[in-house]
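> with the input below, show me the fold.
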Amino acid sequence: MSNRRVSLCGLLALAVAGCASPNPSLYTLNPTPGTSRPGGPATVVLQQVAVARYLERPEIVRSSENFRLDVMGNEAWGEPVPQMISRVLAEDLSQRLPGTTVLNVSGAITVKEDATVEVNIQRMDRDASGALAFVAQTSVNHTGPSHPLTRTVRLAIPLASTATADEVRAMSVALGQLADAIAAMLLQRGTPAPRRR
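Numbering: from 1, shown residues only. So this is what the prediction gives:
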């Protein structure tokens, strides 16, 4: 093989290596501490969290403003978003409700629950002001003759910087505040359902 051909092969190999994308930076949400509030139900089952489809992707969504998704191409989640949020939210609730066992419905343990929690995450990305916009619907259903308690949680959390780590940290804070709201709902019984005649 001629020197010229060897040089061309070497250049081609370098070009291919240069075009290969680097490994993505992987992120995860973390539980955040909150106020402990004893007196909750003995056992709570957190149903699978529903997440808006535009967020349900490996890449982290920076913003959904102006009818356009700004997605971080090389910064991704380390696990599927719905399962990650369910895991962290269950940990947040367990910390806030000492004496209450909080289980994920998708886990290996099945028990007779005293209350169930359902959550829809509708938004979790930066708004036009640069703050994290977080919108979630939640429903708490105590076992027995009571109506479910429902609430919409809307938050705007300032970001320390434009770094992805600060956005992920703000998302973790938002989940902690959602857990605060859910814990308060779990501590109150629903309005008794009207008796049928």
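
> from now on I want contacts and neighbour counts done on CA atoms only, so please keep to that.
Noted.

> show me what the helix ranked longest in the chain is in contact with.
Longest helix in the chain by number of residues, with DSSP state H as the criterion: helix 164-186. With contact meaning CA atoms under 8 Å, 6 or more residues apart in numbering, helix 164-186 is reached by 27-35, 37, 40-41, 75, 85, 88-89, 92-93, 96-97, 115, 117, 124, 132, 134, 136, 138, 140, 142, 149, 153, 155, 157-161.

> swap in stretch 82-91?
Stretch 82-91 is contacted from outside by 28-31, 46, 48-51, 56, 102-104, 175-176, 179, using CA under 8 Å, 6+ apart.

> point out where this structure drops to low pLDDT.
By pLDDT under 70, the low-scoring segments of the chain are 1-21, 189-197.

> what ranges do the strands span in it?
Using DSSP state E, the strands of the chain run over residues 25-27, 43-46, 50-51, 59-63, 70-77, 101-104, 115-126, 132-142, 149-157.

> what's the last one in contact with?
Counting by CA under 8 Å, 6+ apart, the neighbours of strand 149-157 from elsewhere in the structure are 131-141, 170, 174, 178, 181, 185, 190.

> same thing with the longest one?
Strand 115-126 is touched from outside by 41, 43-52, 55, 61-65, 132-143, 171, 182, 186, with contacts defined as CA under 8 Å, 6+ apart.

> from those residues, which would you call buried?
Buried subset of these (neighbour count, 16 or more other CA atoms under 10 Å): 41, 43-46, 48-51, 55, 61-64, 132-143, 171, 182, 186.

> pick out the residue nearest the middle of this protein.
The structure's the chain has its C-alpha centroid closest to residue 85; by CA atoms, centre = their mean the separation is 3.1 Å.

> from memory residue 37 sits against residue 96, does it?
Yes. In this structure residue 37 lies within contact range of residue 96 using CA atoms under 8 Å: 5.8 Å.

> so these two - more neighbours on which side?
Between residue 37 and residue 96, residue 96 has the larger neighbour count (other CA atoms under 10 Å), namely 24 against 16.

> which residue packs closest to the more buried one, ignoring adjacent ones?
Sequence neighbours aside, residue 36 is the residue nearest to residue 96 in space, at 4.2 Å (criterion: CA to CA, 6 or more residues apart in numbering).

> now do the contacts for the one you found.
Residue 36 makes contacts with 95, 96, 97, 98, as judged by CA under 8 Å, 6+ apart.

> pull out the buried members of those residues.
Here, 16+ other CA under 10 Å leaves 95, 96, 97, 98 buried among these.
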